[in-house]
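Visitor: I'd like to go over a predicted model; first the sequence, then the structure.
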Amino acid sequence: MLKLRPYQSDCLTALDHDYETYKALLVVMATGTGKTITFLEWLNRQAAGRFLIIAHRQELVSQPRDKMLQFFPSMYLRSGIVMAGQDDAGADIICATVQTLNANGRLDRILEHGPITHVVVDEAHHRVASTYVNVLDRLREANPGMLELGVTATPERTDKDGLIRAYKKCSYRLPIQAAIRRGALVPFDALGIGVPISLQGIRQTAEGWDREPLGDVLSADNVLEIILDKWRELCGDRQTVGFTASVAQAHATAEYFDTCVAAEALDGTTNKKERAAILKRYQSGETQVIFNCMVLTEGFDAPETGAILMIAPTKSDLVYVQRLGRGLRTAPGKKTCRVLDFAPLAGRSIITAGDVLGMPLKIKKAQEKAEAAGVLTSINVDLLGRAVTIDPDSLIVEVLNLMARSPLPWALDDIYATAALAEKSAACLVLPDPQRLEAAEAMRGGDGWNDGAEALYQYLKRVRLYRVSKDRAWSAELIGTYDDLDDAKDEVSDWQTDGLGNRRSPWRKLPPTSKQINYLMRLVSDVPEAPTMGEVSQLISQALTVQAVQTAERRQERVVMNQGVKE
């Protein structure tokens, strides 16, 4: 039985509300968070009508029907495909490519069987292209009351032509960092690694540089040697997808890798049967590394991918996000995705770990030595920092790496970053909640907005630091609010800890006691398989700390609002 994730249910609730006002809505959900299941459930809840799902690539047309067969069998029986040699124009639910709908009277034949009542545009960042506009205009002429839903992971277009022309409202937004916080995607580390190339003389384009000459430069033997060496050093045990600037580069790099690891390449000319065989070998683990040029950015699902190689610079955040998304899906035993960017652009704001979190002196010195050698030790890339009012995503990224690099055992639960300090004390950072801030921004200045609401709004924009302790019960004390995460982190670093608060303590690797497991099961529903004593202790501390802080936050918000009104 299909069980929706909480954020998918939230999305559907938002759509139900907004369709009372609008006929065309946009949903932004990071790759790997279940966009297809979400829009299929939306269609499944409609009382009646004919549905059309439009995409621009063959793989994206097949995916909805595969999911219908798995989760919505009654919908599958009513569905068909209009693409190439298939012409199920009379089906109640049609999956079609936009190219087919623009050719040979296919759309006319669909409409001969009745108007379309609901349409879904997959990868909706393409929606303002003329091919889509032509089809959607025709469909709306046939049925002015038609409801349209656009879904995408990357709402920004490379040509800057905004989707506001097509969609008056974005009903729901779950960007990469928010999805990581909710556990829908795995965290990632992005490492920028300098290679000895020059882009001088290569013509620049809107998205980057001419692919073929750039690919030739990046296929040089000394460059390939660095790429292979760093891949083996940093992620040689992971299933890996590599993105290249040109087709020739993809094949040259795969050939170079194949001397020591099972590697293959595919491109747009790879025939359907061969491509399916290559992907099957990769998904089974027979092939460990697969290289491509602009092929696997959409419609490719391989959750086992644990590393991404960026071997082609791009100016487009959209393209970068699409590539990155191939490695962020969750899978059993998978904890992170490692990104190696061999052509990092300064404009993408790759932040050094020392700048964000601070590190022991010996690590700082090692990092400086690495940077002097051309290696930019870096933290996650802020790709979708488009939230209203603040840039909360960058804050989330910093906390994810705080957990990874701090000597304290940090854990993240939604917007709460917690760390056990001792048996009966913990620290908690409460991060700005993008959804609350966006809602507040929409209401700000309107009817009912007063000084108390403004004071709360300003409070919620800041990082809040709590110290949690237990006497008879767990309670949380607000230590302060901070504009900068570093300031909050520095405050915690001065607090006294014992062996419990050290993530490297040997006891953490021991098996947990049955008493610990039973207690944890009373607090949380998701207990990891074969947990260690450290993992169980951390989850218990995390659950108790968050509960105490949530209670304190509710109390503190009332105080802030009352003070704002008095002032």
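Guide: Structure's in. What do you need? Numbering: from 1, shown residues only.

Visitor: any low-confidence regions in the stretch 1-150 of the chain?
Guide: Along the stretch 1-150 of the chain, segments meeting pLDDT under 70 span 1.

Visitor: tell me where it has helices.
Guide: 6-18, 35-44, 58-71, 73-77, 98-101, 106-112, 130-142 (DSSP state H, counting those that start in this stretch).

Visitor: dig out what residue 27 forms beta bridges with.
Guide: Beta-bridge partners for residue 27, by DSSP bridges, are residue 151, residue 172.

Visitor: thinking it is in contact with residue 35, fair?
Guide: Yes: if you go by C-beta atoms under 8 Å, residue 27 and residue 35 touch, sitting 7.3 Å apart. Every residue, glycine included, has its C-beta placed from N, CA and C.

Visitor: who touches both of the two?
Guide: 151, 152 (C-beta atoms under 8 Å, 6 or more residues apart in numbering).

Visitor: least trustworthy helix or strand in this structure by mean pLDDT?
Guide: The helix or strand of the chain with the lowest confidence, counting by mean pLDDT, DSSP states H and E, is helix 353-357 at a mean of 25.

Visitor: domain-wise, how is this structure divided?
Guide: If you go by automatic domain parsing, the domain ranges for the chain are 6-181, 188-376, 392-566.

Visitor: just the terminal-to-terminal distance for the first one.
Guide: What that stands for is domain 6-181. 13 Å (C-alpha to C-alpha, to the nearest Å).

Visitor: the helix ranked longest in the chain - contacts with which helices or strands?
Guide: With secondary structure taken from DSSP state H, the chain has its longest helix at helix 533-566. Here helix 533-566 touches strand 410-413, strand 416-422, strand 425-430, helix 451-460, strand 463-470, strand 474-482, helix 514-523, going by 3 or more C-beta pairs under 8 Å, 6 or more residues apart in numbering; DSSP states H and E.

Visitor: show me the contacts for residue 339.
Guide: Going by C-beta under 8 Å, 6+ apart, the list of residues near residue 339 reads 188, 189, 190, 191, 307, 308, 310, 324, 327, 381.

Visitor: doesn't the fifth one belong to a strand?
Guide: Yes: counting by DSSP: H, G, I helix; E, B strand; the rest coil, residue 307 falls inside a strand.

Visitor: surely residue 465 meets residue 478?
Guide: Yes: in this structure, residue 465 is within contact of residue 478 by C-beta under 8 Å, at 7.5 Å.

Visitor: ok, these two, which is more surrounded?
Guide: Taking other C-beta atoms under 10 Å, residue 465 and residue 478 do not tie; residue 465 has more neighbours (22 against 16).

Visitor: that one and residue 37, how far apart?
Guide: Going from residue 465 to residue 37 by C-beta to C-beta, to the nearest Å gives 38 Å.

Visitor: before we move on, what about residue 144?
Guide: Using C-beta to C-beta, residue 144 is found at 29 Å from residue 37.

Visitor: what do you get for residue 115?
Guide: Distance, residue 115 to residue 37, using C-beta to C-beta: 26 Å.

Visitor: repeat that for residue 312.
Guide: For residue 312 relative to residue 37 (C-beta to C-beta), the value is 31 Å.

Visitor: kindly report the same for residue 92.
Guide: Taken as C-beta to C-beta, the span from residue 92 to residue 37 is 19 Å.

Visitor: next: residue 545.
Guide: For residue 545, the distance to residue 37 equals 32 Å [C-beta to C-beta].

Visitor: who's more crowded, these two?
Guide: Using other C-beta under 10 Å, the more surrounded residue of residue 545 and residue 37 is residue 545, with 26 against 18.

Visitor: contacts only, for the more buried one.
Guide: Residue 545 touches 416, 418, 420, 426, 428, 468, 474, 476, counting by C-beta under 8 Å, 6+ apart.

Visitor: might one say that the first one is in contact with residue 430?
Guide: Think residue 416. Yes: counting by C-beta under 8 Å, residue 416 touches residue 430, with 6.0 Å between them.

Visitor: surely residue 341 touches residue 189?
Guide: No: Residue 341 is beyond contact range of residue 189, at 10.8 Å (criterion: C-beta under 8 Å).

Visitor: neighbour-wise, which of these two wins?
Guide: residue 341 (24 against 21).

Visitor: ok, and the closest non-adjacent residue to the more buried one?
Guide: Leaving aside its sequence neighbours, residue 341 sits nearest to residue 310 (C-beta to C-beta, 6 or more residues apart in numbering; 4.2 Å).

Visitor: which phi and psi values does residue 259 adopt?
Guide: phi -70, psi -20 (degrees, to the nearest 10).

Visitor: how many neighbours does it have?
Guide: With other C-beta under 10 Å as criterion, residue 259 counts 8.

Visitor: could you measure from it over to residue 306?
Guide: 22 Å.

Visitor: go on, residue 93?
Guide: Distance from residue 93 to residue 306, by C-beta to C-beta: 35 Å.

Visitor: now swap in residue 443 and tell me
Guide: Distance from residue 443 to residue 306, by C-beta to C-beta: 42 Å.

Visitor: more neighbours, the two?
Guide: Neighbour tally, residue 443 and residue 306, criterion other C-beta under 10 Å: the higher count belongs to residue 306, 22 against 12.

Visitor: once you drop chain neighbours, what's closest to that one?
Guide: That would be residue 238: by C-beta to C-beta, 6+ apart, it lies 3.5 Å from residue 306.

Visitor: same deal with residue 474?
Guide: residue 548 (4.2 Å).

Visitor: then residue 142?
Guide: Here the residue nearest residue 142, using C-beta to C-beta, 6+ apart, is residue 115, at 4.5 Å.

Visitor: can you pull the contacts of that neighbour?
Guide: 50, 139, 142, 143, 146.

Visitor: try residue 479
Guide: Contacts of residue 479 (C-beta under 8 Å, 6+ apart): 465, 466, 467, 491.
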